[in-house]
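# for reference, the sequence and a predicted model appear below.
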There are 2 protein chains.
Amino acid sequence: MDSGEQVQQRARPRRVTAAMVAARAGVSVATVSLVANGKTAGRVSEDNISRVREAIAELGYVVDGIGSSLARGVSSIVILVAPDISNPFFAKVIGGVRESLGPTYQLLLSVTESGEFPKADDVRKLMSLRPAGLLVDAPNAGFLADLSVGGPLVLLDAPGLASVAPAVNLDVAHGARELAAHLAGAGHRRVAYLDSITGTETFTIRREAFLAEAAARGMSVDPSHIPATTIDVGEAAAAFAAAWPEWQREGVTAVACATDTHAYGVLQEARVEGVRIPEELAVAGFDDLPYSATSSPGLTSVHLPAELLGLKAGEQLRRLMEGQALEQEELTLESSLVVRGSTVAAAT
Amino acid sequence: MDSGEQVQQRARPRRVTAAMVAARAGVSVATVSLVANGKTAGRVSEDNISRVREAIAELGYVVDGIGSSLARGVSSIVILVAPDISNPFFAKVIGGVRESLGPTYQLLLSVTESGEFPKADDVRKLMSLRPAGLLVDAPNAGFLADLSVGGPLVLLDAPGLASVAPAVNLDVAHGARELAAHLAGAGHRRVAYLDSITGTETFTIRREAFLAEAAARGMSVDPSHIPATTIDVGEAAAAFAAAWPEWQREGVTAVACATDTHAYGVLQEARVEGVRIPEELAVAGFDDLPYSATSSPGLTSVHLPAELLGLKAGEQLRRLMEGQALEQEELTLESSLVVRGSTVAAAT
DNA sequence: CTGAAAGCGCTTACAG
DNA sequence: CTGAAAGCGCTTACAG
């Protein structure tokens, strides 16, 4: 008996087709298609509508996605391409996208090696799924050139690329300037910058905006005091360990990090070496990850609206997929500094 | 000129079909299909193989995923259903899955409200994509009953459900017992447990194994000292704030948390209230998230092999999709305690 | 309002 | 070794 049930459970249930529904309702498959897709307006009689609806319910019919996609020429899949899903920041972006996309579209995540973009070949394979739309997070120009999509496409966090395709961007420069101003206001004169090694444009902007504002406010950043690592706590910790003796010797009293993850590495290593934060060294990052409020001391960080980023990008894409024009080709979302104990002794 | 380029870039490129390749190579589409899928063994002449390959390269032909799926009856999509992608733990699981699945399969992430499973309706829509296989993380029995998949299916982190489908599980009970033993060894006599409110089986096991071992080692856990919240730093912090006065009054000196995220909430609130960790209160969690090594103090945690979990699940599913039998229907991966400063003053 | 039919792009027996 | 043809499940002009 047991094994019987097992077998039954595993047996591939016979797929219910539109033809079966049509037979049961005594109509043509064309009529079934019309009803199943809600395109009945002035084209199907009330009588047939309810007949078909009943048959659909009885049989548990669901329009086959593959057959439908082939006939329409496009699927209901939206592909999200992103270089780094291990970043908690990104999980929030996904949440926003999901919300704005609604139940009509299936979200397919293109996952690759962390930090890498899919190769032209992978992209082709993805495109052969005939996606309804494409979302690309933090792209570089080269990848976009490879892409050459015809259909709806929206870029996320793609500063400078808004001419290539509609984009939703983050005004990271604003936050970077706030951070520099904050450090200058706290009396720092010599500061360091721990950069991200990823060639993404946003990191260039973060760094340049910070350096420019720092200079304007009378802080000096020695070019040799700008190490770079991948977005990894351990690597950031190692880079800081290697750099700290010289920084200390040369009177560096603050370090800005390209991401909070880099900053966690600094905090970790600082604890190991007994460097007092923020008294001996002020530390700050970008992203304002959920853990930045919990670390000790709390991490001063440039807050970026991750979920809103996903939400807006999803909305823009949706308009495109529905054939509407975009009111604005480029949206820019605000960033702002959140001050915590890692830069100010009094704060949390 | 500019707008001309723009238009050209957006223009949907004409899809290259097998028929076009066939015409160019002077063969039939059947032959093109055989070559494109590498099924030429003893069926296509060398001459035609190279002819077709050339045409494919020249035209940039890619087998259409939709057409192919319809003809085969199954797509190359693997769907991963999971209740919580915002958990960094989960990002690692995904990484593991991606790696073991290889480039043949596309990974589609079914994203829902955090903590929720997709409804039967959503699942039906997903299944209409004719996935090659299904991966379900931390499922509850009800969801699986709804599912009733016919095809390849592997469960992740589904203790007690291995009879329903092949599963890869984590031996969280072992880690839970290690944790209880560790606390008892440190001299704690009265402890609390901050539980997760999600009805997932793994949390029941974590709690019960911990409580059983605690009792066996002479530690008492008052049933009223087992609050539960969602997996959220803020909520955990609030729950701890509400509970701490009583715990303190009654001599509770340690709290085990169902996840590291819960523990971060405790650490955060403890700092606010000036509770010294670990002197006044020892804190520990499960998951060993990357940030647990960075928090201050470092968080003692039961390490769970997230990436391996994804890797093994992907491997099992792959076997199933390739029609092979599984050597073992259920795999169980070890967990073990990582001791840090949140429970031992001397440690990091 | 209704249904027969073509067509989406491919794969796979089948006959040669 | 090769190709004509049927079929996968649906959608959409089209003729009625």
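Cool, got the structure.

# now do the helix or strand where residue A:212 lies, average pLDDT.
Element membership of residue A:212, judged by DSSP states H and E, is helix A:201-216. Averaged across helix A:201-216, pLDDT comes to 95.

# remind me what that helix packs against, helices and strands.
helix A:172-185, strand A:191-196 (3 or more CB pairs under 8 Å, 6 or more residues apart in numbering or on different chains; DSSP states H and E). All C-beta spots, glycine's among them, are computed from the backbone N, C-alpha and C.

# please identify the most buried of these.
Mean neighbours per residue, mean count of other CB atoms under 10 Å in any protein chain shown, is largest over those for strand A:191-196, with a mean of 24.

# now the angle from that strand to helix A:172-185?
150 degrees (axes from the mean of the first three to the mean of the last three CA atoms, to 10 degrees).

# follow-up on the earlier one: what residues sit buried inside the helix holding residue A:212?
The neighbour-count check on helix A:201-216 (16 or more other CB atoms under 10 Å in any protein chain shown) flags A:201, A:202, A:203, A:205, A:206, A:207, A:209, A:210, A:211, A:213, A:214 as buried.

# which ones are touching the fifth one?
With contacts taken as CB atoms under 8 Å, 6 or more residues apart in numbering or on different chains, residue A:206 has the following neighbours: A:172, A:173, A:176, A:258, A:286, A:302.

# tabulate the residues you listed (CSV), appending pLDDT and distance to residue A:247.
Output for those, formatted as CSV (pLDDT from 0 to 100; distance: CB to CB, whole Å):
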residue, pLDDT, distance to residue A:247
A:172, 96, 24
A:173, 96, 25
A:176, 98, 20
A:258, 97, 17
A:286, 97, 20
A:302, 98, 22
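
# wait, does the helix or strand containing residue A:31 make contact with chain B?
For residue A:31, the host element (DSSP H and E) is helix A:29-36. No. Helix A:29-36 lies out of reach of chain B by CB under 8 Å from any CB of the partner chain, never closer than 11.4 Å.

# so that helix, near DNA strand C or not?
Yes. Using CB under 7 Å from any atom of the strand, helix A:29-36 reaches DNA strand C at A:29, A:30, A:31.

# these, buried ones only, as a PyMOL selection?
To isolate the buried subset of those in PyMOL, counting by 16+ other CB under 10 Å, use the following:
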select buried, chain A and resi 31
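
# any chance of the residues of helix A:29-36 next to DNA strand C in CSV, plus distance to residue B:267 and pLDDT?
Output for those, formatted as CSV (distance: CB to CB, whole Å; pLDDT from 0 to 100):
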residue, distance to residue B:267, pLDDT
A:29, 61, 97
A:30, 63, 96
A:31, 62, 97
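
# what's the neighbour count on the closest residue to DNA strand C within the stretch 151-300 of chain A?
Closest residue of the stretch 151-300 of chain A to DNA strand C, CB to the nearest atom of the strand: residue A:151 (13.9 Å). By the criterion of other CB atoms under 10 Å in any protein chain shown, residue A:151 has 15 neighbours.

# what is the distance between stretch A:74-87 and the centre of its chain?
Computed by CA atoms, centre = their mean, to the nearest Å, the chain-centroid distance of stretch A:74-87 equals 9 Å.

# which residues are contacting the host helix or strand of residue A:320?
Using DSSP H and E, residue A:320 sits in helix A:306-321. Outside helix A:306-321, the residues that touch it by CB under 8 Å, 6+ apart are A:78, A:89-90, A:92-102, A:105, A:132-135, A:152-157, A:166, A:168, A:170, A:287, A:325-326, A:331, A:333.

# from those, list just the buried residues.
The buried subset of the contacts of helix A:306-321 - by 16+ other CB under 10 Å - is A:78, A:89-90, A:92-98, A:100-101, A:105, A:132-135, A:152-157, A:166, A:168, A:170, A:287, A:331, A:333.

# sorry, back to before: which of the residues of helix A:29-36 next to DNA strand C sits closest to residue B:111?
residue A:29 (32.9 Å; CB to CB).

# among the buried ones among the contacts of helix A:306-321, which are in strands?
Those of the buried ones among the contacts of helix A:306-321 mapping onto strands are A:78, A:133-135, A:153-156, A:168, A:170, A:287, A:331, A:333, per DSSP state E.

# nearest to residue B:63, of those?
Looking across these and measuring by CB to CB, the closest to residue B:63 is residue A:134, at 19.6 Å.

# ok, that closest one to DNA strand C distance?
To DNA strand C, residue A:134 is 19 Å away according to CB to the nearest atom of the strand, to the nearest Å.

# what's near enough to touch that residue?
Here residue A:134 is in contact with A:78, A:79, A:81, A:147, A:149, A:151, A:152, A:153, A:154, A:317 (CB under 8 Å, 6+ apart).

# grab the nearest non-local neighbour of residue A:193.
Distance criterion CB to CB, 6 or more residues apart in numbering or on different chains; nearest residue to residue A:193, sequence neighbours excluded, is residue A:226 at 4.7 Å.
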